[in-house]
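> have a look; sequence and predicted model below, questions after that.
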Amino acid sequence: MIKYSIPFTLPGCNNYVNACRTHRRAGGAFKKKTERSIRDALLSQEITPPPSYPVKVMFVWKEKNLRRDIDNVAFDKKFILDALVDVGALEDDRRKFVCGFVDDFPKPDKKDIGVDIYIRSE
């Protein structure tokens, strides 16, 4: 199993929707900025492609409190998967390569925030 960590809270779906409503190009800029920060976090770690495909991806969403709905938080998996492809951790995020997701939301901890990503070959 391969593990990557993003040591900060990502913006949620509501932030993205609000950006899209402000200007016709704001959504694209928002996505690009978010993916860039994810890429930077990933590139600070050793990138190891999985030994075989398809893979399942587990996201452990570590929040500092219970304020955000879990569907709002888990929306970021789109940005994370695109960044994983960009850095070479995944060949692609099509269904041929990624066959499923698991989301976990442990008890909030103000000192331990971010996302842990586990990739496992099926």
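Cool, the structure landed.
> and the residue nearest the centre of the chain, how close does it get to residue 5?
With distances taken as CA atoms, centre = their mean, the residue of the chain nearest its centroid is residue 80 (3.0 Å). Relative to residue 5, residue 80 is positioned 11 Å away (CB to CB, to the nearest Å). C-beta: built from backbone N, CA, C; applies to glycine.
> which neighbours do the two have in common?
Jointly contacting residue 80 and residue 5 under the rule CB atoms under 8 Å, 6 or more residues apart in numbering are 115, 117.
> lowest-scoring secondary structure element of this protein by mean pLDDT?
The helix or strand of the chain with the lowest confidence, counting by mean pLDDT, DSSP states H and E, is helix 13-22 at a mean of 88.
> what average pLDDT does the helix or strand just after that one get?
As assigned by DSSP states H and E, the chain's next helix or strand after helix 13-22 is helix 26-43. Average pLDDT, helix 26-43: 94.
> tell me the buried residues in the helix or strand the residue nearest to the centre of the chain falls within?
In the assignment (DSSP H and E), residue 80 maps to helix 77-86. Within helix 77-86, the residues scored as buried using 16 or more other CB atoms under 10 Å are 77, 79-85.
> check stretch 91-98 too.
Using 16+ other CB under 10 Å as the test for burial, stretch 91-98 gives 93, 98.
> what are the contacting residues of that stretch?
With CB under 8 Å, 6+ apart, stretch 91-98 has contacts from 49, 53-57, 81-82, 84-85, 90.
> give me the mean pLDDT for that stretch.
For stretch 91-98, mean pLDDT is 96.
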